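Peer 1: structure for the following, please:
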Amino acid sequence: MSKTDKTLLWMVLGLLGMALFLGLGAVWLNIERMDLAYDLRKMEQSLGRKEDLAAKLTVERNNLVSPYRLKKLAGQLGLGVAAPGQIRRIASQ
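Peer 2: Purely as a prediction, here's the structure:
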């Protein structure tokens with residue numbers, strides 16, 4: 001083998017090694033991208049469920065503290081408007 005043949009052989013082997021390295025890197029990056037996409041989808045679904053729950057809880061809270069419901073509940077419990085002198089105010093320290 002002549003010196004040029006050896007040089008050409010090393011260049012070809014180097015290029016093949018680099019191509020293999022770049023190919024494996026591309027595959028690894030694609031796997032990482034898919035993992036990130038999967039995690040992102042799970043987080044979006046979780047966020048959606050939490051937003052739905054927050055909306056339902058807001059509606060429930062609004063129903064529980066509605067003036068109509070509180071007035072009806074106070075009537076059932078025999079409660080009414082406070083008479084003068086029944087309310088005491090305590091100064092904060």
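
Peer 1: and G78, which of the three is it?
Peer 2: The three-state assignment at G78 reads coil, by DSSP: H, G, I helix; E, B strand; the rest coil.

Peer 1: any idea of the pLDDT on it?
Peer 2: pLDDT recorded at G78 is 91.

Peer 1: and it, backbone torsions?
Peer 2: With angles defined as degrees, to the nearest 10, G78 sits at phi 80, psi 30.

Peer 1: repeat that for I87.
Peer 2: Backbone dihedrals for I87, given as degrees, to the nearest 10, come out at phi -100, psi 130.

Peer 1: state the distance from it to V81.
Peer 2: I87 is 10 Å from V81, where distance means CB to CB, to the nearest Å. (C-beta placed from N, C-alpha, C; glycine too.)

Peer 1: A19 - how many residues pack around it?
Peer 2: When counting by other CB atoms under 10 Å, one arrives at 10 neighbours for A19.

Peer 1: and if you look at V81?
Peer 2: 6.

Peer 1: where does it land in three-state SS?
Peer 2: Assignment for V81 (three-state DSSP): coil.

Peer 1: ok now the helix or strand hosting M34, how far from the chain's centre?
Peer 2: Assigned by DSSP states H and E, M34 belongs to helix 3-64. Its chain's average C-alpha position is 17 Å from that of helix 3-64, according to CA atoms, centre = their mean, to the nearest Å.

Peer 1: lowest average confidence, helix or strand, in this protein?
Peer 2: In the chain, the helix or strand scored least confidently by mean pLDDT, DSSP states H and E is helix 67-76, which has a mean of 93.
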